[in-house]
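Chemist: Take a look and give me a structure for this.
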Amino acid sequence: PKPTADTAQEFDRKIYRVAVDAAKRRFSPEFMNRVDKVVVFHTLNKEQLHQILDIELAAVQDRIISHPEQAFILACTPEAREFLLREGTDARYGARHLKRAIERHLVFPLSSLMSTGQVDCGDQVLVEVSEDGASLKFEKVRPGHGDGHFPGMMEEPQPPGEALAAPHASRMSMWSIAGR
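Modeler: Numbering: from 1, shown residues only. As a prediction, the model looks like this:
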């Protein structure tokens, strides 16, 4: 069941009560009398999570264009944005892991594509969700330089000690980065 505004408010009220009760049990009454206010952060709603994602994706684009000799345009489909939110958020921790998910699923693969010369200055890269829904794929939709031909799919680099998977055949302008 999807959380509603009422269930989110009830959840926040429960967290507040539990936090205050835990503080009263842990700290002496003298200390608690010196506390002016108890602040409990509320659960983020979908709109707020999308705003945080917008800010983080804008930061990624700013990092890309901060190097004019390698600058390109990054565009994420709505499905790719939902994938990043799904991978980087949860009810308990909110958006704390969103930046890490963006780094793992978007920045690291883009860095690999840039370092191998598959993305050039002036390109436009479209980020979509793969057919199986488990990873993101990257497509150059407007080449800047070169002839627009690229190698087939690349696998995301494995952590040290693990073997790299062999590349798979794919559309010439598409890369798929396996999710972890």
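Chemist: so who does the residue nearest to the spatial centre of the chain touch?
Modeler: Among the residues of the chain, Ile102 comes closest to the average C-alpha position under C-alpha atoms, centre = their mean, at 3.0 Å. When contacts are counted by C-beta atoms under 8 Å, 6 or more residues apart in numbering, Ile102 touches 56-57, 60, 84, 88. Every C-beta, even on glycine, is put in place using the N, C-alpha and C of the backbone.
Chemist: Are we agreed that it is in a strand?
Modeler: No. Going by DSSP: H, G, I helix; E, B strand; the rest coil, the assignment for Ile102 is helix, not a strand.
Chemist: Quick check: pLDDT value at it.
Modeler: Per-residue confidence (pLDDT) for Ile102: 97.
Chemist: Which element, helix or strand, includes the residue lying farthest from the centre of the chain?
Modeler: For the chain, the residue at maximal distance from the C-alpha centroid (C-alpha atoms, centre = their mean) is Glu30, at 44.2 Å. Assessed by DSSP states H and E, Glu30 sits inside helix 29-34.
Chemist: quick one: contacts of the helix or strand following that helix?
Modeler: Using DSSP H and E, the next helix or strand after helix 29-34 towards the C-terminus is helix 46-65. Contacts of helix 46-65 with the rest of the structure, by C-beta under 8 Å, 6+ apart, involve 44, 70-74, 76, 81, 84-85, 89, 94-95, 98-99, 102, 106-107, 110.
Chemist: Equivalent analysis for stretch 8-25, please.
Modeler: 3, 32, 35, 38, 40, 42-43, 45.
Chemist: Restrict the residues you listed to the buried ones and give me that as a PyMOL selection.
Modeler: In PyMOL syntax, the buried subset of the contacts of stretch 8-25 is picked out as below (16 or more other C-beta atoms under 10 Å):
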select buried, resi 43
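Chemist: Could you tell me which helix of the protein is the longest one?
Modeler: With secondary structure taken from DSSP state H, the chain has its longest helix at helix 5-26.
Chemist: mind exporting stretch 62-69 as CSV, just the C-alpha atoms?
Modeler: Provided in CSV are the C-alpha atoms of stretch 62-69 (Å, rounded to 0.1, in the frame of the first residue of the first chain):
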residue,chain,number,x,y,z
ASP,A,62,26.9,21.8,-13.4
ARG,A,63,29.8,19.5,-12.8
ILE,A,64,29.7,18.4,-16.4
ILE,A,65,29.6,22.0,-17.9
SER,A,66,32.3,23.2,-15.5
HIS,A,67,34.8,21.5,-17.9
PRO,A,68,34.0,23.4,-21.2
GLU,A,69,36.3,21.1,-23.3
